[in-house]
Structures are given as C-alpha cells and as structure tokens.
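Peer 1: Provided below for reference: sequence and predicted model.
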Amino acid sequence: MIAAIKPAGANTRGLLAYLYGPGRHDEHTDPHIVAGFAMLGMPDPGRNEDATLTELARYLDAPVQLRNSEFGKKVTDHVWHCPVRVAPEDRYLSDAEWGEIARRIVEAAGIAPAGDDLACRWIAVRHADDHIHILATTVREDGRRPKLHDSGLRVSDACRDIERDYGLRRLKKVDRTGARRPTQAEMHKAERLGWEQTSPEWLQDRIRAAIPHVTNAEEFIAYLEADGIEVKARQGPSGDLLGYAVGRPGDLNDNQEQIFHPGGKIAPDLSLPKIKARLEYSQPEEHPTARRNRPSTPWHQATDALDTLHTDLADDTHAQAHIAALGELLEATAQKAPDNLRTELQAASKAFARAQRSQIRAEDRAAHTVRSAARDIVHTATGPDGSTLAALLAALVWATIVARRWHEAKDHTHQTDAARLAVQHLQTAADRAVTQTLTELAARPPRDQSRRVLANDVRAAVPDHAEQILADPAWPALATVLADAEARGHQPHQLLKEAAAQRELTTARQPARVLITRIQHTSRNPAPNRRAEAARRRSTIAGSVPNQQNGSPPLSAVAATPTKQQHRKHR
C-alpha cells in the first residue's frame, strides 16, 4: 500500500472537481465518500443529485475562512491531499474497509488524532477499486494548524501495519536514507527532452563519479564545474564552503532560469558536510601520481584493502564507513575497467549506492585504506592485467556479499536488496573477467603426477570442500595456479588454507574459481628466501657495530655483544 502525500494546495473546490470528475482518461467510476470527519453533515455529491461540489468545498473550508477573517496573515496552503493505493495483486477492499483505512491514515498523519473533537475536516473519496483520495483542510476547529512534521514517515508506518492487518502485499519500511523519488513533472520533462534520466538522477551519478577524484570540498566543486555541471556554492562570511546546489545543463524553468538541486536533496549522503567528512579521512599522505615506484599496483592495493573488510564489522560505525567506502571503490573500478566489463560494473555501482548509507553514523576514518585505494585507481594511467582485475572483482563480490549480510542482520531491507542486486552485476562481470584467464591456465596443465600431489594438498587443506573443488570444471586451471605458485617458492597447502580462510567456500558457486583469483593475488611475488633474509640481517647487524662513534651502541649491537656471563661460560 502506498500513501503519497502531495504538496499543499490552495484550491479545495478544484481538487473536488478532479475527484468527482471523469479523470484524465475517463478512468473514474462511481465517485463517492467512504469516510469523513465526525461532524460531516453535508450530503455526498456522488450520491445526492442536489448536493454540489461548491457547497462541500465551502463546508470543508469553513475553519480556514474563519481563521483568515480573524488573523491578518491568511492561510493559503490549507489543502492536504493523499492518494492511497493498493498493489494490483491485492484483494478487493469494501467501502467500509477503505473507510477504516482512511481513518487510520489521517490519525497517523496528525490530521485527525484519535479522540480529538477539534481536529481538521477531511473526507475520503473513492472513484476506483484500487485506491482512494483523502482530502483535508489543515486548519483545526479551534483555529490552530495541525502538527504535520514527519507526517509522511508516520503514514508510511501506518501503511505497513494496515498491510499486515488486511493481508495486503507487504512493502518495506521507510528509513529516511533513500534518494528522493522523481516527481511526475520531472519524469515528463525528461521524456519530453529525450533524456534517459531525470535531472536529479543524472546529477547523482555524476556527483558520485566525482568523489573518488578529489581530496577536499574545493576540488569537489571545481571537478563538478569542469565536468560541465552548473554549480551554485554557498559560502560563509569567512569564505568557507557551507553548501552547494547543482544543475543539469538545459534544465530550465518557465522563466528560462537554471534549476538547481541541493546535494542533500538529491541523496542524503551527498550533502556537503557528509562529503567533507568522508574526504577529510581519505586524503593520502602523498599524491597518487607519486606512488609509481611502489612494488604493488593500485589494483593489488585495493584487493589487499578489501581483505580486511570482513574483520572490521563488529563495530557498527566502522562497518558503515567501510560499506560507504566500498561504494566509492566500486565507482572507481567501473570508471577504469575495460569496455567489456564497464556496463555491468556501472550497474553494480549504481545499485550499491542505495546500500552505502543507513541511519548508523559512519566513523569515516576507519575506511581510510579502502578510500585511498579508490583514489589511486582513478588516478592510475594503466589498467590491470587479466588476473589482477579478476582478483579484484572476486574480492569486490565477496565484500559486497559481506555488506549485504551486515545489512540483513541489521534489518536494513532496502540496503539488503540493493546489495543483492549489486552482487548479481558484479558476479556477471567477475565471471566474464576470469574466463580468459581460465582458458590460458587450462591450456598448460601440470603433469599428471604433479596434479595428483596437488589434489592431495587440496584434500588436506580444505577437506570439507575438497570433492566439490576437484569436481569443479575450473580445477585444471587451479592446479596450474598452484604449480606456478610452488615454482615461485610457495607452499600450495598453505596457500589453500589461507585462501579458504579469507573467503568461506560454503556459499561459493564455483569454489575453484574463487581459489584461483585468491591464490593468484597472494602468490604473485616469489616467496621470501628465509636463509638469504637471515644472512642479510646478520650482515646488517655486524656492519652497524664499527660505525658507532662515542655514543651508545644500537640495540642490535647490544643484542649481538656477548655478556660477561657468556664469556665466563665459554671459558
């Protein structure tokens, strides 16, 4: 059941004319009143030929006219209009049932609280099987205005209760974190101008795309302007940025003036204070272009950053921060991905935007590593190779599954559904990315004897999933990965255990594929030579002793110098 409260109006008679009229497409049939305020003494124009809409409008407006005659400032926004509609698959509701539903909704909204004899005047009109319209005038009998703040939330909660009580389709509860729905006018305008998205939707995509590229609010505004977006910044007396509004080029009002939308109205997490808080704790110690000499690429760094995400979800504020940062990493990956994967990754990023925010406050500093990885990716000049990208996408799939489970445990239904949809798009992209890698690996399988030894390693390392892994079509490719890793000095048994610990395999569709991307990432570098490392440490310690002057010797030299007791012992 959906109850959509409309913006306040001023013409009671005009709204009645629509409710009792034929409709825009002659869809209205048998309009009549199914419920009204307690003192409703007027006949129903839908049932009485002598009753007129003008008389009914005057009767509903009487408290408004009385207040306007006694006070200097007239009330002109007094028409409260709320259509209430059931789902197409819901059962037929009688007039009596609709009447009771209308009473519960006006009570929840604050139009007519239970037991209040001086409440607002209202009626509920039915002109179709599946919906009613509630019309109220928002001046009480005592001349005061009703308290309608947050009435939409209260009405939504009442609808959820009504759905349960009447056996109707159950919708999700509103949590005040969703983006504003496009209005009918915005959708019609987009259709008229040939736009695939309404202006708020178009602007939201570009604002989210900008965030990984910037480190402060000033850069953020400049990036939007460079992207061709009209920006109106609000500044304080000191020149500090306090807020911003954005406009889509060509989106003009009747006076040919640019229409602007405040960031916080486009989506709750896109207000300037919230963006500034995220940027404040994501500034890298050095500019990403100065990191070229690092042995690990930004794509590897991103995969490493996601490895620890599931371990930091015990604290809700940290979990929310990581999930918000995960959305930024998804956006960054989509921007830099190859063309054959970009559409799915963009769809995943767009879907996950709804899962990025909840009513839990985020401790943004906790997600510094993930955000830095996202920023490094958008600034890198080269894309990843096939196996590196496959490893990152597999890590993104698992991280999004973890985020979905966290939302599910918190009963965040909207966010859970959004994360579930994002996983579907990510899985499609991940499967596509790993296909070429699997083909190349399967083309050079290890010898039969080596494969049998590796199969025993699988049985020893992950006994609960061994048979499923060995039966997976990707097992020959996994055997090649393990053989390659062993050639670089790694222990296949240990790699398998570590990979299984990072990502549980019970819910994996193809566990061998999961292990391939995981092990390719962790074994990409040769295993350290312990003997060479020990010799290097001994050489460093020995070389540091003669370099000491008159000062105290370093701790390493002290540790390497025999004590008197040791001298005695050797004597």
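Peer 2: That came in fine, so what should we check first? Numbers count the residues shown, from 1 in each chain.

Peer 1: Ramachandran angles for the nearest residue to G383 once chain neighbours are set aside?
Peer 2: Excluding the flanking residues, the one nearest G383 by Cβ to Cβ, 6 or more residues apart in numbering is K336, at 6.1 Å. Yep, even glycine has a C-beta here, placed from its N, CA and C like the rest. Backbone geometry at K336, expressed as degrees, to the nearest 10, gives phi -100, psi 0.

Peer 1: With T380 as the reference, measure out to K336.
Peer 2: 7 Å (Cβ to Cβ, to the nearest Å).

Peer 1: where exactly do the strands run in this structure?
Peer 2: Shown for the chain, the strands assigned by DSSP state E span residues 2-3, 32-36, 79-85, 121-126, 131-137, 230-235, 241-247, 261-262.

Peer 1: contact partners of the fifth one?
Peer 2: It stands for strand 131-137. 12, 15-16, 19, 34, 60-61, 63-64, 78-86, 98, 101-102, 105-106, 111-112, 120-127 (Cβ atoms under 8 Å, 6 or more residues apart in numbering).

Peer 1: remind me, longest helix of this structure?
Peer 2: In the chain, with assignment by DSSP state H, the single longest helix is helix 413-442.

Peer 1: What residues of that one count as buried?
Peer 2: Within helix 413-442, the residues that qualify as buried are 414-423, 425-431, 433-434, 437-438, 441-442, counting by 16 or more other Cβ atoms under 10 Å.

Peer 1: ok, now stretch 228-247?
Peer 2: Result for stretch 228-247 [16+ other Cβ under 10 Å]: buried residues 229-231, 233, 241, 244-247.

Peer 1: Need the CA coordinates for it. PDB is fine.
Peer 2: Extracted as PDB, the C-alpha positions of stretch 228-247 are listed here (Å, rounded to 0.1, in the frame of the first residue of the first chain):
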ATOM      1  CA  GLY A 228      30.100  20.700 -17.300                       C
ATOM      2  CA  ILE A 229      27.700  20.800 -14.300                       C
ATOM      3  CA  GLU A 230      26.200  24.100 -13.200                       C
ATOM      4  CA  VAL A 231      27.200  24.700  -9.600                       C
ATOM      5  CA  LYS A 232      26.000  27.200  -7.100                       C
ATOM      6  CA  ALA A 233      28.200  27.200  -4.000                       C
ATOM      7  CA  ARG A 234      27.100  28.700  -0.700                       C
ATOM      8  CA  GLN A 235      29.800  30.400   1.300                       C
ATOM      9  CA  GLY A 236      30.000  31.800   4.800                       C
ATOM     10  CA  PRO A 237      31.400  35.300   5.700                       C
ATOM     11  CA  SER A 238      34.900  33.700   6.000                       C
ATOM     12  CA  GLY A 239      34.700  32.300   2.600                       C
ATOM     13  CA  ASP A 240      34.300  28.700   3.800                       C
ATOM     14  CA  LEU A 241      32.100  26.400   1.800                       C
ATOM     15  CA  LEU A 242      28.800  25.700   3.600                       C
ATOM     16  CA  GLY A 243      26.800  24.000   0.900                       C
ATOM     17  CA  TYR A 244      26.200  23.600  -2.800                       C
ATOM     18  CA  ALA A 245      23.500  23.100  -5.300                       C
ATOM     19  CA  VAL A 246      23.900  21.600  -8.800                       C
ATOM     20  CA  GLY A 247      22.000  22.000 -12.100                       C
END
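
Peer 1: going forward can the numbers begin at 45, since that is how I track them
Peer 2: Sure, I'll start counting at 45 from here, so that last one is stretch 272-291.

Peer 1: any idea how far that stretch is from the chain center?
Peer 2: 25 Å (Cα atoms, centre = their mean, to the nearest Å).

Peer 1: Equivalent analysis for stretch 133-141, please.
Peer 2: 36 Å.

Peer 1: can I assume A202 is in contact with A152?
Peer 2: Yes. Shown here, A202 and A152 form a contact pair, counting by Cβ atoms under 8 Å, at 3.7 Å.

Peer 1: what mean pLDDT would you report for stretch 375-389?
Peer 2: For stretch 375-389, the mean per-residue pLDDT is 94.

Peer 1: buried set for that stretch?
Peer 2: 375-381, 385, 388-389.

Peer 1: Which residues does that stretch contact?
Peer 2: By Cβ under 8 Å, 6+ apart, the residues outside stretch 375-389 that reach it are 252-253, 255-256, 346, 374, 390, 392-393, 417-419, 421-422, 424, 427, 433, 436-437, 440, 469-470, 472-473, 476-477.

Peer 1: and if we set it to 7 Å?
Peer 2: Stretch 375-389 has contacts (Cβ atoms under 7 Å, 6 or more residues apart in numbering) with 252-253, 256, 390, 393, 418, 421-422, 424, 427, 436, 440, 469, 472-473, 476-477.

Peer 1: So among those, which ones count as buried?
Peer 2: Buried among the contacts of stretch 375-389 (16+ other Cβ under 10 Å): 252-253, 256, 390, 393, 418, 421-422, 424, 436, 440, 469, 472-473, 477.

Peer 1: R165 contacts F81, doesn't it?
Peer 2: Yes. With contact defined as Cβ atoms under 7 Å, R165 reaches F81; the gap is 4.9 Å.

Peer 1: Among those two, which residue is more densely surrounded?
Peer 2: Using other Cβ atoms under 10 Å, the more surrounded residue of R165 and F81 is R165, with 25 against 19.

Peer 1: ok, the more buried one - contacts?
Peer 2: Taking Cβ under 7 Å, 6+ apart as the test, what R165 contacts is 81, 104, 107, 180-181.

Peer 1: repeat that with 8 Å
Peer 2: 80-81, 83-84, 103-104, 106-107, 180-181, 185 are the contacts of R165 under Cβ under 8 Å, 6+ apart.

Peer 1: for K318, same thing?
Peer 2: Counted by Cβ under 8 Å, 6+ apart, K318 has contacts 308, 312.

Peer 1: go with 10 Å
Peer 2: 307-308, 311-312, 368, 401, 406, 408 (Cβ atoms under 10 Å, 6 or more residues apart in numbering).

Peer 1: So the spatially closest residue to E274 that is not a sequence neighbour versus L268, what's the distance?
Peer 2: Using Cβ to Cβ, 6+ apart and skipping the chain neighbours, the partner closest in space to E274 is G291 (3.7 Å). For G291, the distance to L268 equals 10 Å [Cβ to Cβ].

Peer 1: Mutual contacts of these two, please.
Peer 2: 247, 274-275.

Peer 1: Would you confirm that L526 contacts I513?
Peer 2: No. Taking Cβ atoms under 10 Å as the definition, L526 is not a contact partner of I513, at 11.1 Å.

Peer 1: coming back round to it: narrow the buried ones among the contacts of stretch 375-389 to those in helices?
Peer 2: Filtering the buried ones among the contacts of stretch 375-389 for helices - DSSP H - leaves 252-253, 390, 393, 418, 421-422, 436, 440, 469, 472-473, 477.

Peer 1: Let's have those residues in TSV, adding distance to E207.
Peer 2: Output for these, formatted as TSV (distance: Cβ to Cβ, whole Å):
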residue	distance to E207
R252	33
A253	37
Q390	34
S393	32
A418	40
I421	44
V422	44
L436	42
L440	36
H469	30
T472	34
A473	36
A477	42
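
Peer 1: just those residues now: which is nearest E324?
Peer 2: A418 (15.3 Å; Cβ to Cβ).

Peer 1: what sits against that closest one?
Peer 2: Residues near A418 by Cβ under 10 Å, 6+ apart: 255-257, 326, 342, 346, 349, 369-377, 379, 411.

Peer 1: just to revisit the earlier point, quick check: the residue nearest to E274 vs G280, distance?
Peer 2: 22 Å.

Peer 1: S195 now?
Peer 2: Relative to G280, S195 is positioned 33 Å away (Cβ to Cβ).

Peer 1: again, but for P382
Peer 2: 44 Å.

Peer 1: now do A544
Peer 2: A544 is 54 Å from G280, by Cβ to Cβ.

Peer 1: Kindly report the same for A531.
Peer 2: Distance from A531 to G280, by Cβ to Cβ: 62 Å.
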